[in-house]
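Trainee: here you go, sequence then predicted model.
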Number of protein chains: 2
Amino acid sequence: MSETKDLQSIWFSEQDAKVSIIDQRHLPHLLVVEEIESVAAMCTAIREMHLRGAPLIGVAAAYGMYLACREAGKFGSRGRLEEAAKRLLATRPTAVNLAWAVQRQLDGLAGIEDPLQWPATALAAAREIEAEDIERCRRIGEHGIALIEEIYNQTRSRVNVLTHCNAGWLACVRHGTATAPIYAAHHRGIPVHVWVDETRPRNQGARLTAWELGQARVPHTVIVDNAGGHLLQHGKVDLVMVGSDRTTRTGDVANKIGTYLKALAANDNGIPFYVALPSSTIDWNLRDGVAEIPIEERNAEEVSFVRGLPRDGREIAEVRILPEESPAANYAFDVTPARLITALITERGICPATEQGIAALFS
Amino acid sequence: MSETKDLQSIWFSEQDAKVSIIDQRHLPHLLVVEEIESVAAMCTAIREMHLRGAPLIGVAAAYGMYLACREAGKFGSRGRLEEAAKRLLATRPTAVNLAWAVQRQLDGLAGIEDPLQWPATALAAAREIEAEDIERCRRIGEHGIALIEEIYNQTRSRVNVLTHCNAGWLACVRHGTATAPIYAAHHRGIPVHVWVDETRPRNQGARLTAWELGQARVPHTVIVDNAGGHLLQHGKVDLVMVGSDRTTRTGDVANKIGTYLKALAANDNGIPFYVALPSSTIDWNLRDGVAEIPIEERNAEEVSFVRGLPRDGREIAEVRILPEESPAANYAFDVTPARLITALITERGICPATEQGIAALFS
């Protein structure tokens, strides 16, 4: 597979007015590009996780609304537009960026009478949301690199970062959130090594983060989700860096299931635990993450079956790992209480995971 | 698959003087019985994990020494016997039962001059070790049932137990350790439900514990290893019950990788965390589990590949879940410090996970 540094996870081609995404279900085995031609196709892509990651879902929803405008615009039907918005909103209930991007599009279109102007308006907004996401991630990297550099200046040896799931550019548009400081440090010549949690059930760490890091030639080692505690106990991790799907105004973080366990282990061993997040994940209405954030339950087959490439095959296959009669449950996220988080890394800088800390940056 | 309540994980047939085991690599998809005819075959079975679980490894090693006696006895070679002992000891460095069972056999044979008497002596000792294990597990169940019953008497609703890996009868001979109180409660009519951690990388929970519980008709749900924290946060777990591969005299517990993370989460949510263990796992020489217990690193392919049954296939297959270029690390165990353990359940009763608590039971 060739270098992919010029790729984005989603892009719009001016030439033929097409929205394209990487269909991430085939990674790391195949790099498949999918053209998304309708809002229905975008709903499927989000719901079936051709793409995933809170920031990317937001950008994808914005482009979804552009596609909805192309469809609804012809008929001048605002009802159809609102129906498309509802369908997009229903695809992933936990991701606050999705609701945010759809609402921003609806607000922008509210004052525009002429339906024929809707597509151009929505496209401009989608491109703006995309550009903002890239810039936010770049800034997260710029702020976060200081945390890695500080450890390197003290130890003068390779800095070991533990990460969970994929909060890389495949979850955003470019740079990523949790990976942005890592890429920035690597490009500045600071030696880093990343412990990559495989992140069951969907293995986004093993499949996506490992692939991204490999493409960028960042040294890394994949581990099972069970291993982080042992590594932290034995001084093999200098800092933990994860992303966020939804952040309360008090600093609680909903992220991929298992994040909470790693935060507990970092805390128990006095190792800093950082969450890198664009402010678009902050839900200003929430104060108590554990009590208030609804946790998506997904299809149990994601637990019973594991996807991968057979030893002697070229087609991705699924193998059942449970007895046929055994039921499984599949909670997609958990909530890490703010008390376990050393600091939040945002596009505006680094702050404590407290209401005061967040408010000071985003007043 | 028919009921397996009369099966053991290992057994000796008087009729044809054969040692048989369940080759657990094929579960839950196939029930395969393997006859073990030489010490070399037993070494392979232990090393390649046809069988696993600390107590079972001890019993298997005892039968391995019996097979070694059959081979060495013919030639009257004590050197050959000692060489077989060394080979058995090298198969799994973490399991203290292995060393204990091999040493017990060597001690028992030390005073016997006539090599032709070695096989009968070693067989008698192996059968005794087997019977002792069954009795220890039965007693663990008898003591542990009180902890489940107490919760049931308070709540009068189904008791939810979280367990990690397989500390069931497939890890012992019968009953299991962590499962013994669960089976005992179920048979007494106390409604129990077990959350089964799949336990990557080898999925002993998903493959073995789920199969065992299904065979015994105990209600259960398989989850990924990442999910336990979320369940504990939301009151969906009443107690955690796990086994031990090696226990220090101070109550630290080395068990399957990931156990420590569950103990942290139980602790953080005020839920009791119990370790069920036969005293044969206690290593009286150790005081500091994290510092002193060597942690086995196993083949990285256990992380990169997942075994299971293809959707449309009948043969177990392996699928790669990592990019081909990405390295993986595979630590098999971690250590849970005694401070996170509510109590130890042993064949002699329940005690605090402290040096005093253990000493009071085993003085």
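Mentor: Yes, it's here. Numbering: from 1, shown residues only, chains lettered A, B, ... in the order given.

Trainee: CA atoms for contacts and neighbours, from now on please.
Mentor: Noted.

Trainee: what helix or strand is A:Ala266 located in?
Mentor: Per DSSP states H and E, A:Ala266 falls inside helix A:259-268.

Trainee: can you list the strands that the helix or strand just after that helix pairs with?
Mentor: Per DSSP H and E, the first helix or strand lying C-terminal to helix A:259-268 is strand A:273-276. Strand A:273-276 pairs in its sheet with strand A:239-242 (parallel), strand A:343-346 (parallel), by DSSP bridges.

Trainee: could I get those strands as a markdown table with mean neighbour count and mean pLDDT?
Mentor: Shown next, in a markdown table, are the strands paired with strand A:273-276 (neighbours: other C-alpha atoms under 10 Å in any protein chain shown; pLDDT from 0 to 100):
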| stretch | mean neighbour count | mean pLDDT |
| --- | --- | --- |
| strand A:239-242 | 24 | 98 |
| strand A:343-346 | 26 | 98 |
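
Trainee: wait, which of those is closest to B:Val319?
Mentor: strand A:239-242 (27.0 Å; C-alpha to C-alpha).

Trainee: how about exporting the closest one as PDB, limited to the C-alpha atoms?
Mentor: Presented in PDB, the C-alpha positions along strand A:239-242 are these (Å, rounded to 0.1, in the frame of the first residue of the first chain):
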ATOM      1  CA  LEU A 239       1.400   9.100  29.400                       C
ATOM      2  CA  VAL A 240      -2.100   8.000  28.200                       C
ATOM      3  CA  MET A 241      -3.700   9.900  25.400                       C
ATOM      4  CA  VAL A 242      -7.300   9.300  24.200                       C
END
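
Trainee: so how far is that strand from its chain's centroid?
Mentor: In terms of C-alpha atoms, centre = their mean, to the nearest Å, the centre of strand A:239-242 is set 15 Å apart from its chain centre.

Trainee: show residues contacting stretch A:218-228.
Mentor: By C-alpha atoms under 8 Å, 6 or more residues apart in numbering or on different chains, the list of residues contacting stretch A:218-228 from outside reads A:162, A:183, A:186, A:192-200, A:205-206, A:210, A:213-214, A:258, A:262, A:265, B:199-201, B:225-226, B:257-259, B:261, B:303, B:326-331, B:334.

Trainee: okay, and the residue nearest to A:Glu355 when sequence neighbours are not counted sits in which element?
Mentor: Spatial nearest neighbour of A:Glu355, excluding adjacent residues (C-alpha to C-alpha, 6 or more residues apart in numbering or on different chains): A:Thr250 at 4.2 Å. Secondary structure assignment for A:Thr250, by DSSP H and E: no helix or strand.

Trainee: now for A:Thr250: which residues touch it?
Mentor: Contact analysis of A:Thr250 by C-alpha under 8 Å, 6+ apart lists A:286-288, A:338, A:353-356, A:358.

Trainee: over to A:Arg80?
Mentor: A:Arg80 neighbours (C-alpha under 8 Å, 6+ apart): A:Ala72.

Trainee: what helix or strand is it on?
Mentor: helix A:78-89.

Trainee: work out the gap between that helix and the centre of the chain.
Mentor: The answer for helix A:78-89 is 24 Å, by C-alpha atoms, centre = their mean.

Trainee: which positions within it qualify as buried?
Mentor: For helix A:78-89, a neighbour-count test (16 or more other C-alpha atoms under 10 Å in any protein chain shown) marks A:78, A:80-82, A:84-85, A:88-89 as buried.

Trainee: how about stretch A:119-137?
Mentor: In stretch A:119-137, counting by 16+ other C-alpha under 10 Å, buried: A:119, A:121-127, A:129-130, A:133-137.

Trainee: quick one: pLDDT of the closest residue to chain B within the stretch 101-250 of chain A?
Mentor: Scanning the stretch 101-250 of chain A for proximity to chain B using C-alpha to the nearest C-alpha identifies A:Asn226 as nearest, at 4.0 Å. At A:Asn226, the model reports a pLDDT of 98.

Trainee: mind listing what the lowest-mean-pLDDT helix or strand in chain A pairs with, with the direction of each?
Mentor: Every helix and strand in chain A was compared by mean pLDDT, DSSP states H and E; the lowest is strand A:282-283, with a mean of 91. Strand partners for strand A:282-283, identified by DSSP bridges, are recorded as strand A:246-248 (parallel).

Trainee: I'd like the next helix or strand past the strand it pairs with.
Mentor: Using DSSP H and E, the helix or strand that follows strand A:246-248 in sequence is strand A:253-256.

Trainee: how about the contacts made by the residue nearest in space to the middle of chain A?
Mentor: Here the mean C-alpha position of chain A is nearest to the C-alpha of A:Gly53 (C-alpha atoms, centre = their mean), at a distance of 2.7 Å. By C-alpha under 8 Å, 6+ apart, the contact set of A:Gly53 is A:166-167, A:170-172, A:245.

Trainee: tell me the two of those that are most distant?
Mentor: Pairwise across the contacts of A:Gly53, and taking C-alpha to C-alpha, the largest span is found between A:Leu170 and A:Asp245, at 14.1 Å.

Trainee: tell me the gap between the helix or strand harbouring A:Leu232 and the middle of its chain.
Mentor: Assigned by DSSP H and E, A:Leu232 belongs to helix A:228-233. Distance of helix A:228-233 from its chain centroid, counting by C-alpha atoms, centre = their mean, is 24 Å.

Trainee: distance of the nearest residue to A:Glu297 once chain neighbours are set aside relative to A:Asp245?
Mentor: Closest residue to A:Glu297 apart from its sequence neighbours, by C-alpha to C-alpha, 6+ apart: A:Tyr331 at 4.6 Å. Counting by C-alpha to C-alpha, to the nearest Å, the gap from A:Tyr331 to A:Asp245 is 14 Å.

Trainee: quick one: low-confidence parts of the stretch 201-350 of chain A?
Mentor: Nowhere does the stretch 201-350 of chain A drop to pLDDT under 70.

Trainee: among the contacts of stretch A:218-228, which ones are in strands?
Mentor: A:162, A:192-197, B:334 (DSSP state E).

Trainee: identify the farthest-apart pair in these.
Mentor: Farthest pair in the ones in strands among the contacts of stretch A:218-228, by C-alpha to C-alpha: A:Val192 and B:Asp334, 24.7 Å.

Trainee: neighbour count winner among those two?
Mentor: B:Asp334 (29 against 20; other C-alpha atoms under 10 Å in any protein chain shown).

Trainee: isn't that one right up against B:Asp252?
Mentor: No. B:Asp334 is beyond contact range of B:Asp252, at 10.4 Å (criterion: C-alpha atoms under 8 Å).

Trainee: quick one: name the residues of the stretch 151-300 of chain A near chain B.
Mentor: A:199-201, A:203, A:206-207, A:210-211, A:214, A:220-230, A:233, A:257-262, A:264-265, A:290 (C-alpha under 8 Å from any C-alpha of the partner chain).

Trainee: next, count neighbours for A:His234.
Mentor: Neighbours of A:His234 using other C-alpha under 10 Å come to 11.

Trainee: the strands in the stretch 51-200 of chain A, which residues?
Mentor: Secondary structure of the stretch 51-200 of chain A (DSSP state E, counting those that start in this stretch): strands at A:159-163, A:192-197.

Trainee: okay, now the sheet partners of the last one, with direction.
Mentor: In this case it means strand A:192-197. Short version: by DSSP bridges, strand A:192-197 pairs with strand A:159-163 (parallel), strand A:220-223 (parallel).

Trainee: quick one: distance of the very next helix or strand once past that strand to the chain centre.
Mentor: On the C-terminal side of strand A:192-197, the nearest following helix or strand under DSSP H and E is helix A:204. Put simply, helix A:204 sits 10 Å off its chain's centre (C-alpha atoms, centre = their mean).
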